[in-house]
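Undergrad: the following block contains a protein sequence and its predicted model.
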Amino acid sequence: MPYDSVIDASTSPLSARRDSEPNVTGVEWAVSLFGGALLGAWGMRRRGFPGAVAEAVGGMLVARAVTGRCPAKRALAETSTERALAREHGWRNAAPVGRAITVNKPRSEVYAFWRDLPNLARFLLNVERIEVSDELRSHWTVKSPTGEVQWDSRITADEPDRRIAWESEPGADIRNTGEVVFKDAPGGRGTEVHASIVFEPPGGKVGRIVAALFQRDPAIQLRRDMRRFKQLMETGEISTSKPPLAAPRGV
Amino acid sequence: MRALCWHGKHDVRVESVPDPEIVNPRDAIIRITTTAICGSDLHLYDGVIPTMMPGDVLGHEFMGEVVDVGRNVNGALKVGDRVVVPFTIACGGCFFCNKGLWSACDNSNPAEKADIVEALYGYTPSGLFGYSHMMGGYAGGQAEYVRVPFADTGPIKIPDGMDDEQVLFLSDIFPTGYMAAENCSIQPGDTIAVWGCGPVGQFAIRSAFMLGAERVIAIDHFENRLALARQAGAETLNFEEVKIVEALQEMTGGRGPDGCIDAVGMESHGWAVDNVIDFAKTTAKVSFDRPHVLRECIVACRKGGTVSIPGVYGGLLDHLPFGAAFGKGLTFKMGQTNMHTYLHPLLQRIQEGDIDPTFVISHRLSLNDAAEGYKIFKTRQDEVTKVVLKP
């Protein structure tokens, strides 16, 4: 059977896209170039530790102007993908996260497990409760860095054995949308599961960085949750060495 | 229960900790009857392995009696069975386990722990017993009891009539030395050079002969360890007395050894210039590894030969002669041992008398004296080849 390509191979996941066009332009470019050159020149005359620091900072300022690109600024700024997603959904801002894993089980079995929504609470660590309201609607209660958040979720597409997509209903504490795509891995090596979620991060980019510090960023959670999903499907249990039972702490 | 706990560099203590319990349905609890200190435990003792936490229970070479099993072990093990437990934990159901790459098991490293390695190295290895949190954070077996996950897949049952000490080293060093030799794809007439005559090196030497090597040349600087290598039929070189690459060239008629085994890893001994520079860098914490032996293996190995690496490395290795490796067309084989592949065949080797693994034991201590065991294994390597502990 040929490779079952549900996602176009040329389309990278939203979360993996990055910008590479210049992000140091105009006045900022001029200030960076001439300010950096001045600071560097001062540092060379000044000598000593302050001189060395001035040289290094001046050099970096000149480098970001010459290349027209600043990795630090890029890391803190909204990407063009995030801007486009926010516009598309009508949100203040948007953050895409994604994770793909391969499960050594047939596609129909993997899909069926996922489609039975209460199963998800077994491996989604931050999910406290999933209450199924009807065939398409469910109510989610989730731990977040700021306390409990809730939303109603509605399945917007359900293609058996292939794809499930959803979005949050109006009134969600954190607006979100996502899809999970199931496809056969090549050579009969099980099922690829591609999960992607777009959400409206409270506090925008800065909020995400703070959440990541507390290991509560959805990108980190999704990575771990997908791993737990795979463990549950392949081994029937979720691996743990958590203290005090499995890895006792000294007393 | 009593267990040997890690508290920092050169600080391990036997302490009272809570007994382990069944957590997952495929778990078993083993009452340890014999355990040992591994050379790789000294990397933990020296504080060079990241993600250790004070209180971690060490030990990944152990055996004992099954005292409790989870509901899904399904008769694979029963209470009362005597078992040796492989140090790598494997689920038996993922792609890697199915391919026999047990140490690459996708599932045995808990998600939040596997995340640490993914950040550091970009991949996730299997869980290990008592070997840092990035390797799963599982409590080890230098203790009275241990929890064994996926107990239906890992432990091997030991027939009556065999002593603990005969089979204990199936838990790590025998399979590890054997895989190191097997990785050299030994052909009739081959000469294999083994750097490091610690326990893994000793088993690699004996395994190389079992697999048909014509000659084995063993390299170390501890005379007792070299003597142990000679007992197995190896020729030996003391690197404090001879220049190794030159001597190997001479001994192999200018060809170089067909296979070179680095049974040393990240903490090379000796005063070679490159090793002294690495000492400075590791002391300054800008590097984890002192890969002097690996460099020497690459330079010494014959064209088209194999460099097999059972020694543990941790980070980014500097100044490897990769131009020579490329030019010679070397094959590199390495990695944590795919333990589960070797348990039954090597148990059979022991039963048939091909090898008596007890040769490597130099000291027998009570678990209560485990801290002393670490100390002498670290500081008196000439006389101490293997420390076995009884709980």
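TA: Cool, the structure landed.

Undergrad: what lies in contact with the helix or strand of chain A with the lowest mean pLDDT?
TA: Least confident element among the helices and strands of chain A, by mean pLDDT, DSSP states H and E: helix A:204-213 (a mean of 84). Residues outside helix A:204-213 that contact it (CB atoms under 8 Å, 6 or more residues apart in numbering or on different chains): A:76-78, A:92-93, A:95, A:145, A:201, A:203, A:217-220. (Each C-beta comes from the backbone N, C-alpha and C, glycine too.)

Undergrad: got it, and stretch A:76-95?
TA: Contacts for stretch A:76-95 (CB under 8 Å, 6+ apart): A:14, A:17-19, A:23, A:96, A:175, A:177, A:198-201, A:204-205, A:208, A:218.

Undergrad: now, of those, which are buried?
TA: When those are checked for burial by 16 or more other CB atoms under 10 Å in any protein chain shown, the buried set is A:14, A:23, A:96, A:175, A:177, A:198-201, A:204-205, A:208, A:218.

Undergrad: now secondary structure too, for those residues, in JSON lines please.
TA: Shown next, in JSON lines, are the buried ones among the contacts of stretch A:76-95 (DSSP: H, G, I helix; E, B strand; the rest coil):
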{"residue": "A:Leu14", "secondary structure": "helix"}
{"residue": "A:Asn23", "secondary structure": "coil"}
{"residue": "A:Pro96", "secondary structure": "strand"}
{"residue": "A:Arg175", "secondary structure": "coil"}
{"residue": "A:Thr177", "secondary structure": "strand"}
{"residue": "A:Val198", "secondary structure": "strand"}
{"residue": "A:Phe199", "secondary structure": "strand"}
{"residue": "A:Glu200", "secondary structure": "coil"}
{"residue": "A:Pro201", "secondary structure": "coil"}
{"residue": "A:Gly204", "secondary structure": "helix"}
{"residue": "A:Lys205", "secondary structure": "helix"}
{"residue": "A:Arg208", "secondary structure": "helix"}
{"residue": "A:Pro218", "secondary structure": "helix"}
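
Undergrad: tell me the one among these nearest to chain B.
TA: A:Pro218 (13.8 Å; CB to the nearest CB).

Undergrad: could you pull up phi and psi at the closest residue to the closest one other than its chain neighbours?
TA: Closest residue to A:Pro218 apart from its sequence neighbours, by CB to CB, 6 or more residues apart in numbering or on different chains: A:Val97 at 5.0 Å. Per-residue torsions, A:Val97: phi -130, psi 150 (degrees, to the nearest 10).

Undergrad: from A:Pro201, how far off is A:Val97?
TA: Counting by CB to CB, to the nearest Å, the gap between A:Val97 and A:Pro201 amounts to 10 Å.

Undergrad: what's the answer for B:Arg230, then?
TA: 66 Å.

Undergrad: B:Ala371 too?
TA: B:Ala371 sits 49 Å away from A:Pro201, going by CB to CB.

Undergrad: do the same with A:Thr240
TA: A:Thr240 is 29 Å from A:Pro201, by CB to CB.

Undergrad: just say helix, strand or coil for B:Lys333.
TA: strand.

Undergrad: what are the bridge partners for it, then?
TA: Under DSSP bridges, the beta-bridge partners of B:Lys333 are B:Ser308.

Undergrad: so it makes contact with B:Ser308?
TA: Yes: look at B:Lys333 against B:Ser308 with CB atoms under 8 Å: they come within range, at 4.9 Å.

Undergrad: how about B:Val299, secondary structure?
TA: Under three-state DSSP, the three-state class of B:Val299 is helix.

Undergrad: so where do the strands sit in the stretch 251-391 of chain B?
TA: B:259-262, B:306-309, B:331-334, B:363-366, B:387-390 (DSSP state E, counting those that start in this stretch).

Undergrad: of those, which stretch is the most buried?
TA: strand B:259-262 (a mean of 30; mean count of other CB atoms under 10 Å in any protein chain shown).

Undergrad: show residues contacting it.
TA: B:180-181, B:184-186, B:190-196, B:201, B:204, B:208, B:213, B:293-294, B:297-298, B:300-301, B:305-311.

Undergrad: residues in contact with B:Asp369?
TA: Contacts of B:Asp369 (CB under 8 Å, 6+ apart): B:Leu389.

Undergrad: so what's the residue count around residue 87?
TA: Looking at chain A here, since you left the chain open. Using other CB atoms under 10 Å in any protein chain shown, A:Arg87 has 10 other residues around it.

Undergrad: look at chain B instead
TA: Number of residues near B:Phe87 (other CB under 10 Å) recorded here: 28.

Undergrad: what sits against it?
TA: Counting by CB under 8 Å, 6+ apart, B:Phe87 touches B:38, B:60-61, B:128-129, B:131, B:171-172, B:337, B:339.

Undergrad: please repeat the previous calculation with a cut-off of 7 Å.
TA: B:60-61, B:128-129, B:171-172, B:339 (CB atoms under 7 Å, 6 or more residues apart in numbering or on different chains).

Undergrad: same check on B:Val384?
TA: B:Val384 touches B:362-363, B:376-377, counting by CB under 7 Å, 6+ apart.

Undergrad: which parts of the stretch 151-251 of chain A are helices?
TA: Here the stretch 151-251 of chain A has its helices, by DSSP state H, counting those that start in this stretch, at A:204-213, A:218-235.

Undergrad: now the ones you listed in CSV, with distance to B:Glu352?
TA: Shown next, in CSV, are the helices of the stretch 151-251 of chain A (distance: least, CB to CB, whole Å):
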stretch, distance to B:Glu352
helix A:204-213, 56
helix A:218-235, 34
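
Undergrad: among the ones you listed, which is the most enclosed?
TA: helix A:218-235 (a mean of 22).

Undergrad: quick one: it to helix A:204-213, angle?
TA: Angle between the axes of helix A:218-235 and helix A:204-213 is 50 degrees (criterion: axes from the mean of the first three to the mean of the last three CA atoms, to 10 degrees).

Undergrad: next one: helix A:218-235 to chain centre, how far?
TA: 14 Å (CA atoms, centre = their mean, to the nearest Å).
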